[in-house]
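Undergrad: Okay, predicted coordinates and the sequence, questions at the end:
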Amino acid sequence: MAELPMPKPRASSGLASEFYVTYQLYRRGYVGVVTYGNAKALDLLAANPEDNRTATIEVKSLKGKTNWPIRARSVMAAKNHFYVLVGYEDRWERPDAAPRVWVIPSAKISALLKPWSR
């Protein structure tokens, strides 16, 4: 069978990143659900099936190396809410290159953003 040529990636890095984070949750034994943009400031729901603890996740992604798309005044700080930053670092068009990922509790994100906020 002939190999199909790979199309140029045009998909949203945001949606791809949400699925990547969900994949990582499942690999670690958690359950993850993508909200498909139906919940403001909420991209994923995560649960620990052993103790029923839950968390909400907002995923932010970058194809390049510019500033993260987060504004300090729009941060949702809650006990079980996390920001997951997924950086492709100019490797978006290389499907074999894994992104770098940072998980930050929402209570700490404002302090990290302060130096860049106006």
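TA: Structure's in. What do you need? Residues are numbered from 1 along each chain as shown.
Undergrad: which one's the longest helix in the chain?
TA: Identified as the longest helix of the chain according to DSSP state H is helix 13-27.
Undergrad: ok and the helix or strand following that one relative to helix 13-27, angle-wise?
TA: Next along the chain after helix 13-27, taking DSSP states H and E as the criterion, comes strand 31-39. On the basis of axes from the mean of the first three to the mean of the last three C-alpha atoms, to 10 degrees, strand 31-39 is oriented at 160 degrees to helix 13-27.
Undergrad: The protein: helices as residue ranges?
TA: Going by DSSP H, the chain shows helices at 13-27, 106-113.
Undergrad: Just the pLDDT for Pro95.
TA: Per-residue confidence (pLDDT) for Pro95: 86.
Undergrad: any idea how far it lies from Arg28?
TA: Separation of Pro95 from Arg28 (C-beta to C-beta, to the nearest Å): 22 Å. The way it works is simple: take the backbone N, C-alpha and C, and place the C-beta from them, glycine included.
Undergrad: swap in Leu45?
TA: Counting by C-beta to C-beta, the gap from Leu45 to Arg28 is 15 Å.
Undergrad: Those two: which has the busier surroundings?
TA: Neighbours of Leu45 and Arg28, each counted by other C-beta atoms under 10 Å, are more numerous for Leu45; the result is 17 against 10.
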